[in-house]
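Enquirer: Have a look at this prediction, sequence included:
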Amino acid sequence: MRKIQCPILIILLLAASSLFAEPGYMVRTSDLMDEPYRDANVLIVLEEGTPVEILKRKGGWLEIKAEDKTGWARMSSIRKGEAVENPDSETETKGVLDLASGRAGTGNVVSATGVRGLSEEDLKEAKFNLAEIRKMESFTVNEKKASRFARKGKLNVRQLEFLPDAVEQGE
Amino acid sequence: MKMTRILMILMLTVISTVSAAFDFGQLVKEVTKEKPAESTAEQKPPTLADPGGMLGKTSVKEEIAIGREITGRLLGASPLVDDKRLQMYINKVGAWVAKQGRRPELRWHFGVIESDDINAFAAPGGYILVTKGLYKRLRNEAELAGVLAHEIGHVIRKHHLNILKKGKLINMGAGLLHSKVGTDQQGQAIGKMIGSGAEILARSLDKNAEYEADRIGVVLATRAGYDSYGLPTVLQEIGHVGADDSSVSLLFKTHPHPDVRSVKLGDAMGEKFDQYEGRLLAGRFYKLK
C-alpha cells in the first residue's frame, strides 16, 4: 500500500505546490532576488503594485512568482490579496477608520452569518463576572511548567535586545 | 532595614499627585512583604511607559487589581470558550513568552473568549485575552506566540495603565484613602478610574504604543525560541480581511491598520532577525473547530 502511495503523494505534492500559491502584490518597489539573502543576485526590480504569487516563506523572505520569474523578496514589501486601484495607504487607512467609527455605528453589528461580535456598546455595558475571572485564573501556568512546555517543543531561548525606538516624527 | 524602605516609599508616595485614591500606607506594607518591586523598563529609561515620570508609582498590587477589574468586566461581555485544553494551552504558550519579558513579579493570565470578532486585549497586571475569531485564524504556535507577545509588550510598558492614570483626575476624598486593598471602597475607586464597563478597551492607545508593542512582540517571540515572523504574518493575514467586515471593526478602530503596522514593523526588523532559526510548531498548535 505504502509503496504505491509514496510516488503518487510526491506527484500530488509537486502539482499542488502551485495550488498553494496565494495572490499578493508589491506595496513598494523592491528587488526580486535569486536567493533569500541580501547579497544574492537581483533578478528584476518589481514596481509597487505589481501582482505576485506567494509560494512560501523563509524567515523574513517570501518566495514569489512575478513577471514570469520566480525569486525572493522581503515579506514587508508584499501584501496579500488583490491590488487596489489606488494603493494609497493614507486614504485606505482613513476609509477604514471612517467606516469603523462613523457609519458602522456602535450597535451590535451582526454579519450575514449571524456571528456574535463584541462591540463598543457591549464593552461599555459589561459587568464584572467573578466566576469567569476565577475560571481564567485557574488555568494560570507557573514558570516551571512553562519551561517544561518549552523544552517539549524544543524552544531554545535566545538573548537579544529590544529594538531601538523608531524616531516617530510628525505621525 | 524594612522600616527605612517603608519610610522611603511613603515619602515618595506622599509627593506623588494623581491616583491618590488608594491607601498607599496599607499597600506599601503589603508590597514590601513581597520580594522584587516592580521592575522598571529594561535597558533604558522608560519611554511611553511613564512619560515625565510625574504620575507616581503604582504598586504591583494596584496594577493587578485594576487589570483584574477590567478583565472581569470584559469576561462579563464575552465569557471564556468552554474548552479546558484550549485554555491550558494558551496559558502555557503565554507564560513561556511572558517569561522572556522579565517582569517576574507578575503572574500572567491568558484566555480565549467567545467573541467571533478578530481582536486581542491586554489589561494591566498581566491579563491577556484573545477572541475566538482571532484564534481560529492562527495556523501555528509561533503565530499565537506573536500575538500574545504583542499584548505582553503593552503590559510590560504599562501602556493601558498610563492612559488610565492620565485620563482620570481622581478626587476621592479622605474616606477612600484609607480603604483596604480588595474592599468595596477600593473597588469603587478603581471603578471610577476605569469608567463604564470595559470601555477602556474600546479606546485606542497612542498609535506609537501599538508600534512599540509590535517591536517588543517580535523580540519576545524570538527570545522564546519561536520563528520571529509569527506576528508579522498575522498582521499580513488580518490586513487581508475586508475593512467592512464587522469582525474587524473594533480592531481597526482601536489600532492602526495592519498594513501600516506591517510596513513599520518590517522596517524596524530589517534583516536583524534573519540569523535566528525559530520554531513554528504547527503540529503542536491546538486547533479549534
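Expert: Arrived safely, thanks for sending.
Enquirer: quick one: low-confidence ranges for the chain?
Expert: Went with chain A since none was named. A:1-6, A:9-19, A:84-116, A:166-171 (pLDDT under 70).
Enquirer: if you could check chain B rather than the one you did, that'd help
Expert: If you take pLDDT under 70 as the line, chain B has these spans: B:1-57, B:167-183.
Enquirer: Give me the neighbour count for the residue of it found nearest chain A.
Expert: As assessed by C-beta to the nearest C-beta, chain A sits closest to B:G266 within chain B, at 2.2 Å. No exception for glycine: its C-beta is placed from N, CA and C like everyone else's. A total of 21 residues lie near B:G266 under the criterion other C-beta atoms under 10 Å in any protein chain shown.
Enquirer: A:G60 is in contact with that one, correct?
Expert: Yes: counting by C-beta atoms under 8 Å, A:G60 is a contact partner of B:G266 at 7.5 Å.
Enquirer: between those two, what contacts are shared?
Expert: Counting by C-beta atoms under 8 Å, 6 or more residues apart in numbering or on different chains, the common neighbours of B:G266 and A:G60 are A:74-76, B:232.
Enquirer: So which of those is the closest to A:F162?
Expert: B:P232 (16.4 Å; C-beta to C-beta).
Enquirer: Confirm that that closest one sits in a helix.
Expert: Yes: looking at B:P232 with DSSP: H, G, I helix; E, B strand; the rest coil, it is inside a helix.
Enquirer: Surely it and B:L265 touch.
Expert: Yes: in this structure B:P232 lies within contact range of B:L265 using C-beta under 8 Å: 5.7 Å.
Enquirer: So these two - more neighbours on which side?
Expert: The residue with more neighbours, out of B:P232 and B:L265, is B:P232; 26 against 23, by other C-beta under 10 Å.
Enquirer: Against B:A198, how distant is the residue in chain A positioned nearest to chain B?
Expert: Across chain A, the shortest distance to chain B (C-beta to the nearest C-beta) belongs to A:S76, at 2.2 Å. Separation of A:S76 from B:A198 (C-beta to C-beta, to the nearest Å): 33 Å.
Enquirer: Which residue of those two possesses the greater neighbour count?
Expert: B:A198 (29 against 24).
Enquirer: Isn't that one up against A:F128?
Expert: No: using C-beta under 8 Å, B:A198 is not in contact with A:F128, being 9.1 Å away.
Enquirer: joint contacts of the two?
Expert: With C-beta under 8 Å, 6+ apart as the test, B:A198 and A:F128 both reach B:73, B:76.
Enquirer: So which residues of chain A form helices?
Expert: Using DSSP state H, the helices of chain A run over A:2-16, A:89-98, A:120-125, A:130-138, A:143-152.
Enquirer: what does the last one contact?
Expert: Counting by C-beta under 8 Å, 6+ apart, helix A:143-152 makes contact with A:141, A:157, B:92-93, B:95-96, B:99, B:104, B:224-225, all of which sit outside it.
Enquirer: Likewise for the shortest one?
Expert: Counting contacts by C-beta under 8 Å, 6+ apart, the residues outside helix A:120-125 that touch it are A:106-108, B:73-74, B:77-78, B:196-199, B:201-202, B:250, B:253.
Enquirer: What residues of it count as buried?
Expert: Within helix A:120-125, the residues scored as buried using 16 or more other C-beta atoms under 10 Å in any protein chain shown are A:120-124.
Enquirer: With distance to A:K56 added, can I get the residues you listed in a markdown table?
Expert: Formatted as a markdown table, the buried residues of helix A:120-125 follow (distance: C-beta to C-beta, whole Å):
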| residue | distance to A:K56 |
| --- | --- |
| A:E120 | 39 |
| A:E121 | 42 |
| A:D122 | 39 |
| A:L123 | 39 |
| A:K124 | 44 |
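Enquirer: Any part of the lengthiest strand in chain A near chain B?
Expert: In chain A, taking DSSP state E as the definition, the longest strand is strand A:51-58. Yes: judged by C-beta under 8 Å from any C-beta of the partner chain, strand A:51-58 and chain B are in contact via A:R57.
Enquirer: Next, the buried residues of that strand.
Expert: If you call a residue buried by 16+ other C-beta under 10 Å, then strand A:51-58 has these buried ones: A:52, A:54-55, A:57.
Enquirer: Run through the neighbouring helices and strands of it.
Expert: For strand A:51-58, the packing partners by 3 or more C-beta pairs under 8 Å, 6 or more residues apart in numbering or on different chains; DSSP states H and E come out as strand A:22-26, strand A:61-66, strand A:69-74, strand A:78-80.
Enquirer: hmm, try it at 10 Å
Expert: Packing contacts for strand A:51-58, counted by 3 or more C-beta pairs under 10 Å, 6 or more residues apart in numbering or on different chains; DSSP states H and E, involve strand A:22-26, strand A:61-66, strand A:69-74, strand A:78-80, helix B:230-239.
Enquirer: Run the chain-centre distance for stretch B:217-236.
Expert: 17 Å (C-alpha atoms, centre = their mean, to the nearest Å).
Enquirer: That stretch: end-to-end distance?
Expert: In stretch B:217-236, first residue to last residue: 15 Å (C-alpha to C-alpha, to the nearest Å).
Enquirer: how about it, does it reach chain A?
Expert: Yes: Stretch B:217-236 is in contact with chain A by C-beta under 10 Å from any C-beta of the partner chain, via B:218-220, B:222-229, B:232-233, B:235-236.
Enquirer: any idea how far the host helix or strand of the residue of chain B closest to chain A is from the chain center?
Expert: Secondary-structure assignment from DSSP states H and E places B:G266 in helix B:258-269. The chain centroid and the centroid of helix B:258-269 are separated by 20 Å under C-alpha atoms, centre = their mean.
Enquirer: for it, packing partners?
Expert: Applying 3+ C-beta pairs under 10 Å, 6+ apart, we find helix B:258-269 packed against strand A:69-74, strand A:78-80, helix A:89-98, helix B:207-223, helix B:230-239.
Enquirer: Out of those, which is closest to B:A142?
Expert: Closest to B:A142 of the helices and strands packed on helix B:258-269, according to C-beta to C-beta: helix B:230-239, at 3.7 Å.
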